[in-house]
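Trainee: Have a look at this fold, sequence not included:
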């Protein structure tokens, strides 16, 4: 009963560690979203695009004209001294709405570009976090194996002093330890590079210690292959960018068509009349309204603008098909990696267990007899390799899940 409680306690601690580590990673993702300069740049580009809509939906500025008659024009009421004119142009019905909608669609495409950058940033942060974990585990595993080899070296020394084996065993194990120590130094240097990369993704100068789990979680991907691929093709931000650009081109065709239609001018004139010859007081006269119509006579350029938008729209459709094909290939390749990582986790768990048992038996045989020491070194290298490969399989699985989330726009 006590043994079962201990096992349950260990499992609970491992589960708690995994949950805590995932929470820490989520906090890092939030910090990256708030501080990353590229993300801020994309968001500011979106905010700037939003400001285009109020500009294009506004009416043209009113025109005001002032005229002073140097040589007054005589009328029966008196000479004309001054003339004020004000007019307002009105484009074809719906023209301003089409311009506003086109600007809004462009702004939405910018926003999808911002969300694409955010998804890519999150994927980079998660992958760097997994690489930090893997490299730190490699450091720990390498140190553990150096410790095991040190134990074997002491055992070999005892047997050499007893005259049971030659010094060759000591030389072999020293060579192995030297190789591992050199590898350990490289891993320590790599850890510093990965930490710097992680901090810069969060736009931080290293003001905090990166929390890494003792053992990475082994969550499975929640969707099956078909559902995941459908989600990618319906939610991917790169496809959404193209869709909004297509919508903007639709409105652009309407704008070009509207430019070939008449626009209207409404205004008023105010004329100031001076005193006449009989010294009669002048009378100000209104002339209202003045109405004008601008009729585009040269329509070929507007027809060309519509054709241009049609060609661009066709190009965007082909671009979307190309992007869907690329995403499908990326997803299938990612799904292959995900399946492979899951299989490798099972394989290396089994292989590592067998290698450790074999090494223990070889160590016992060597201590009690003259077992070939080269076989011990070979098995020790297998333990090291399987241990590293197991951790790599775990991180590869989580990296695949992260990539799926990126493709789905998460």
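Mentor: Structure received. Keep in mind that this is a model prediction, so the values were computed, not measured. Numbering: from 1, shown residues only.
Trainee: center of the protein, which residue is that?
Mentor: Nearest to the geometric centre of the chain sits residue 120, at 2.1 Å (C-alpha atoms, centre = their mean).
Trainee: where's that residue, which helix or strand?
Mentor: Secondary structure from DSSP states H and E places residue 120 in helix 95-161.
Trainee: What sits closest to the residue nearest to the centre of the chain if chain neighbours are left out?
Mentor: The shortest distance from residue 120 to any non-neighbouring residue, by C-beta to C-beta, 6 or more residues apart in numbering, is to residue 406 (6.4 Å). For glycine as for every other residue, the C-beta is placed from the backbone atoms N, C-alpha and C.
Trainee: Pretty sure the residue nearest to the centre of the chain sits against residue 407.
Mentor: No: contact criterion C-beta atoms under 8 Å: residue 120 and residue 407 do not qualify, at 10.5 Å.
Trainee: just the helices in the stretch 151-300 of the chain please.
Mentor: Secondary structure of the stretch 151-300 of the chain (DSSP state H, counting those that start in this stretch): helices at 168-201, 225-235, 237-259, 300-368.
Trainee: Let me know which of the ones you listed is tucked in deepest.
Mentor: Among the helices of the stretch 151-300 of the chain, the stretch with the highest mean neighbour count (mean count of other C-beta atoms under 10 Å) is helix 237-259, at a mean of 20.
Trainee: if we can go back for a sec, what's the residue nearest to residue 120 in contact with, if anything?
Mentor: The contact partners of residue 406, by C-beta atoms under 8 Å, 6 or more residues apart in numbering, come to 119, 120, 122, 123.
Trainee: now residue 267
Mentor: Under the criterion of C-beta under 8 Å, 6+ apart, the neighbours of residue 267 are 63, 85, 86, 87, 88, 289, 290, 291, 292.
Trainee: change it to 6 Å
Mentor: 86, 87, 290 (C-beta atoms under 6 Å, 6 or more residues apart in numbering).
Trainee: Tell me the secondary structure of the residue nearest to it when sequence neighbours are not counted, please.
Mentor: Closest residue in space to residue 267, ignoring its immediate chain neighbours: residue 87 at 3.0 Å, by C-beta to C-beta, 6+ apart. Three-state call for residue 87 (DSSP: H, G, I helix; E, B strand; the rest coil): strand.
Trainee: contacting residues for residue 87?
Mentor: Residues counted as contacts of residue 87 (C-beta under 6 Å, 6+ apart) are 63, 265, 267.
Trainee: Let me know the closest of these to residue 362.
Mentor: Closest approach between the contacts of residue 87 and residue 362, by C-beta to C-beta: residue 63, at 97.2 Å.
Trainee: what's the distance between that closest one and residue 267?
Mentor: 8 Å (C-beta to C-beta, to the nearest Å).
Trainee: repeat for residue 397
Mentor: 72 Å.
Trainee: what pLDDT does the nearest residue to residue 101 once chain neighbours are set aside get?
Mentor: Nearest non-adjacent residue to residue 101, counting by C-beta to C-beta, 6+ apart: residue 251, 4.8 Å away. According to the prediction, residue 251 has pLDDT 95.
Trainee: you'd agree residue 251 is up against residue 96?
Mentor: No: when contacts are counted by C-beta atoms under 6 Å, residue 251 is not listed as touching residue 96 (11.5 Å).
Trainee: Low-confidence regions, this protein specifically.
Mentor: Along the chain, the parts satisfying pLDDT under 70 run over 1-21, 67-81, 273-288, 370-371.
Trainee: the domain parsing of it - what is it?
Mentor: Here the domain parsing of the chain from automatic domain parsing is 20-58+91-261+296-407, 62-90+262-295.
Trainee: what's the neighbour count on the closest residue to residue 254 other than its chain neighbours?
Mentor: Of all residues not flanking residue 254 in the chain, residue 98 sits nearest, at 4.4 Å (C-beta to C-beta, 6+ apart). Residues lying near residue 98 (other C-beta atoms under 10 Å) number 22.
Trainee: was I right about residue 98 contacting residue 256?
Mentor: No: counting by C-beta under 6 Å, residue 98 does not reach residue 256; the two are 9.5 Å apart.
Trainee: For the residue nearest to residue 120, pull up the helix or strand it's in.
Mentor: In this structure, residue 406 sits in helix 373-407 according to DSSP H and E.
Trainee: From the chain's centroid, how far away is that helix?
Mentor: 27 Å (C-alpha atoms, centre = their mean, to the nearest Å).
Trainee: Check stretch 41-59 too.
Mentor: Chain-centre distance of stretch 41-59: 22 Å, with C-alpha atoms, centre = their mean.
Trainee: swap in stretch 106-119?
Mentor: For stretch 106-119, the distance to the chain centre is 9 Å (C-alpha atoms, centre = their mean).
Trainee: same thing with stretch 356-369?
Mentor: Stretch 356-369 sits 51 Å away from the centroid of its parent chain (C-alpha atoms, centre = their mean).
Trainee: swap in stretch 132-150?
Mentor: The chain centre lies 33 Å from the centre of stretch 132-150; the measure is C-alpha atoms, centre = their mean.
Trainee: Tell me the buried residues in that stretch?
Mentor: 132-139, 141-142, 145-146, 148-149 (16 or more other C-beta atoms under 10 Å).
Trainee: Likewise for stretch 214-227?
Mentor: 216, 217, 221.
Trainee: Out of these, which comes closest to residue 380?
Mentor: Out of these, the member with the shortest distance to residue 380 (by C-beta to C-beta) is residue 216, at 24.5 Å.
Trainee: which residues does that closest one contact?
Mentor: Shown in contact with residue 216 (C-beta under 6 Å, 6+ apart): 133, 394.
Trainee: again, but for residue 316
Mentor: Here residue 316 is in contact with 242, 245, 246 (criterion: C-beta under 6 Å, 6+ apart).
Trainee: What separation do you get for the nearest residue to residue 166 once chain neighbours are set aside and residue 329?
Mentor: Sequence neighbours aside, residue 160 is the residue nearest to residue 166 in space, at 7.1 Å (criterion: C-beta to C-beta, 6+ apart). According to C-beta to C-beta, residue 160 stands 59 Å off from residue 329.
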